[in-house]
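K.L.:
I'd like to go over a predicted model; first the sequence, then the structure.
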Amino acid sequence: MDELFSAENLKWRDKAREIAETVVRPLAAKYDRLQEYPWEIRDALKEAGLFGVWIPKEYGGHGGGVLDLCLVVEELSKACGGVGVLFAVNALGSFPILLAGTEEQKKHYLPQIARGEKLIAFGLSERPAGSDASGLVTNARQEENGDWVINGQKKWTTNGGAADIYSIFAVTDETSRSRRISAIIVEKGDEGFEIGRKEDKMGIRCVPVAELHFDECRVPGNRLLGGKPGLGFKHAMMTLDRARPGVAAQALGLATGALELATVYATERRQFGQPISGFQMIQQMLADMATSVEAGRQLVYASARACDADVPSLSKMAAMSKLFCTDMAMKVTTDAVQVFGGYGYMKDYPIEKYMRDAKITQIYEGTNQVQRLVIARNLIKEAGRLDNLSAFIPLPDHDNTIADQDRAAQTAGA
Ligand code: CAA
């Protein structure tokens, strides 16, 4: 499959693979146990220049886009799902700046992120606004001197506390229906900005997920993303479209990693006088796992390419790849634990962590129920393009069916 990638794609994938095997895998269990941010892993990723892969060259990155992001996330997630998201969440946080920032904002923030010097997070969700993202209540008012003053709380912010920069979504016009929300950049150390409760999680334990608290948090006027209020919700949706292939890549990496471990274990573990890989029931499981992993891989690369080419169907493609790969990863990692049997359930073995890490991928960056909604809404919108089929679909009260027409044509012919 390497033939399908450019030399640049392979360069970043191979760098990520090397770090995953030499740095991430040996440390994965330690940081899972400690539930602490692995700064030594961040340093290795920074040293290798990986934080620049999705950022354009003019802003200090390598210009690779979403495909390179996915290739790197897949490799890291094979060794640790937490490290996969620890890396990918910087793309989620920086996409609003890339998509909507002013030239001045892009030039100021993106190079620092590309160099890995500053980490970034995305603050959209709130206690009352999870799937219903537009129901958020954190608000920002503009003072006479142009400053923005933010009040409210964010929930489940991945990278919260570790990040230096935060893309925050807040209500700036309560009276507007479609232009209610704006994005504002908040930095660590801004007056009135505190990190709140840090969550104790089932999986992805090396990356912090925290509340963000804003109490009369004051930031200068030039932190309003794009310089224009009211476009925040649209930009949040466009960001999620481009970030969801990264979650799919995280799930793909987890599934691939679990499949590799299960396959090796099956060839080594002996029962009834032979390796369990000799039993057809195990072979069937491994074959089904491998087939669904490969199907997911094609969807990840296709959706990443759709984002990079900015095609109209990218929202649907991204949702499909997130939906398919994360459900697939949950099944494959659960089956991998099954292949390991009783040992697989124990923390002494690396496999149960894959199952724990996989679960969140079905939930964050839009639950898989939300992905189905996005896919269905797009399908219905696209139905107009299939107008020509209406002629072949009789309405229920229509007595001139296709079969009637066919019979009439035959009679006429005879
Ligand atoms: N691109 C551009 N614009 C879009 C869009 C898209 N993909 N989707 C919607 N919009 C626009 C619409 O055109 C509409 O614009 P107008 O008002 O001008 O007509 C506007 O946004 C509102 O759209 P909807 O009516 O479709 O919005 P909705 O309220 O029905 O919500 C939803 C739709 C898909 C359910 C959305 O709320 C959603 O995606 N929810 C999930 C949120 C999510 O993924 N949260 C995760 C946050 S990140 C995280 O998990 C934490 C972390 O740190 C990793």
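P.N.:
Sure thing, it's come through. Residues are numbered from 1 along each chain as shown.
K.L.:
residues from this structure in reach of the ligand?
P.N.:
For the chain, the residues in contact with the ligand (C-beta under 6 Å from any ligand atom) are 89, 92, 122, 124-125, 131, 133-134, 156-158, 178, 233-234, 237-238, 240-241, 315, 364-366, 370, 373-374. All C-beta atoms are positioned from the backbone trio N, CA, C, and that covers glycine.
K.L.:
buried sites along stretch 303-323?
P.N.:
303-308, 314-323 (16 or more other C-beta atoms under 10 Å).
K.L.:
Between those, which sits nearest the ligand?
P.N.:
Nearest to the ligand out of the buried residues of stretch 303-323 is residue 315 (C-beta to the nearest ligand atom; 4.3 Å).
K.L.:
Run through the neighbouring helices and strands of whichever helix or strand the closest one is part of.
P.N.:
Assessed by DSSP states H and E, residue 315 sits inside helix 314-344. Helices and strands touching helix 314-344, by 3 or more C-beta pairs under 8 Å, 6 or more residues apart in numbering; DSSP states H and E, are helix 232-268, helix 280-309, helix 351-359, helix 368-382.
K.L.:
Take these and write them to CSV, including mean pLDDT.
P.N.:
Listed next are the helices and strands packed on helix 314-344 as CSV, based on pLDDT from 0 to 100:
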stretch, mean pLDDT
helix 232-268, 98
helix 280-309, 98
helix 351-359, 98
helix 368-382, 97
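K.L.:
Redo the ones you listed as JSON lines? Include distance to residue 190.
P.N.:
Shown next, in JSON lines, are the helices and strands packed on helix 314-344 (distance: least, C-beta to C-beta, whole Å):
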{"stretch": "helix 232-268", "distance to residue 190": "18"}
{"stretch": "helix 280-309", "distance to residue 190": "31"}
{"stretch": "helix 351-359", "distance to residue 190": "32"}
{"stretch": "helix 368-382", "distance to residue 190": "31"}
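K.L.:
Nearest to residue 211 among the ones you listed would be which one?
P.N.:
Across the helices and strands packed on helix 314-344, residue 211 has its closest neighbour in helix 232-268 (18.4 Å, C-beta to C-beta).
K.L.:
which of the residues in that closest one are buried?
P.N.:
Going by 16+ other C-beta under 10 Å, helix 232-268 has these buried residues: 232-233, 235-236, 238-259, 261-263, 265-266.
K.L.:
Next, give me the two most distant ones among the buried residues of stretch 303-323.
P.N.:
Pairwise over the buried residues of stretch 303-323, using C-beta to C-beta, the maximum falls at 308 and 323, 20.2 Å.
K.L.:
OK, contacts around the residue nearest the centre of the chain?
P.N.:
The chain has residue 247 as the residue nearest its centroid, 2.7 Å off, counting by C-alpha atoms, centre = their mean. The contact partners of residue 247, by C-beta atoms under 8 Å, 6 or more residues apart in numbering, come to 85, 88, 322, 325, 326, 361, 364, 365.
K.L.:
redo that, cut-off 10 Å
P.N.:
Going by C-beta atoms under 10 Å, 6 or more residues apart in numbering, residue 247 touches 70, 73, 84-85, 88-89, 92, 240, 300, 318, 321-322, 325-326, 329, 360-366, 371.
K.L.:
ok, now residue 79?
P.N.:
16-17, 19-28, 41, 253-254, 257, 350.
K.L.:
hmm, which helix or strand of the chain has the shakiest average pLDDT?
P.N.:
helix 402-413 (a mean of 79; mean pLDDT, DSSP states H and E).
K.L.:
how about that helix as CSV, C-alpha atoms only?
P.N.:
Taking C-alpha atoms only, helix 402-413 is exported to CSV below (Å, rounded to 0.1, in the frame of the first residue of the first chain):
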residue,chain,number,x,y,z
ILE,A,402,-43.2,-0.1,-13.4
ALA,A,403,-44.6,-3.6,-13.7
ASP,A,404,-47.8,-2.1,-15.3
GLN,A,405,-45.7,0.0,-17.7
ASP,A,406,-43.5,-3.1,-18.5
ARG,A,407,-46.6,-5.2,-19.2
ALA,A,408,-48.1,-2.4,-21.4
ALA,A,409,-44.8,-2.2,-23.4
GLN,A,410,-44.7,-6.0,-23.9
THR,A,411,-48.4,-5.9,-25.0
ALA,A,412,-47.7,-3.1,-27.4
GLY,A,413,-44.6,-4.9,-28.7
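K.L.:
now it, how far from the chain's geometric center?
P.N.:
Remark: helix 402-413 is offset 53 Å from the chain centroid, using C-alpha atoms, centre = their mean, to the nearest Å.
K.L.:
Which elements pack onto it?
P.N.:
For helix 402-413, there is no helix or strand it packs on, judged by 3 or more C-beta pairs under 10 Å, 6 or more residues apart in numbering; DSSP states H and E.
K.L.:
State the pLDDT value of the closest residue to the ligand within the stretch 301-414 of the chain.
P.N.:
As assessed by C-beta to the nearest ligand atom, the ligand sits closest to residue 366 within the stretch 301-414 of the chain, at 3.1 Å. For residue 366, the model assigns a pLDDT of 98.
K.L.:
Check residue 414 too.
P.N.:
66.
K.L.:
now do residue 139
P.N.:
pLDDT at residue 139 comes out at 98.
K.L.:
mind listing what it touches?
P.N.:
Per C-beta under 10 Å, 6+ apart, neighbours of residue 139: 149-152, 170-174, 180-182, 214.
K.L.:
Swap in 8 Å and give it another go.
P.N.:
150, 151, 152, 170, 171, 172, 174.
K.L.:
same question, residue 21
P.N.:
Contacts of residue 21 by C-beta under 8 Å, 6+ apart are residue 79.
K.L.:
hmm, 10 Å instead?
P.N.:
By C-beta under 10 Å, 6+ apart, the residues touching residue 21 are 75, 78, 79.
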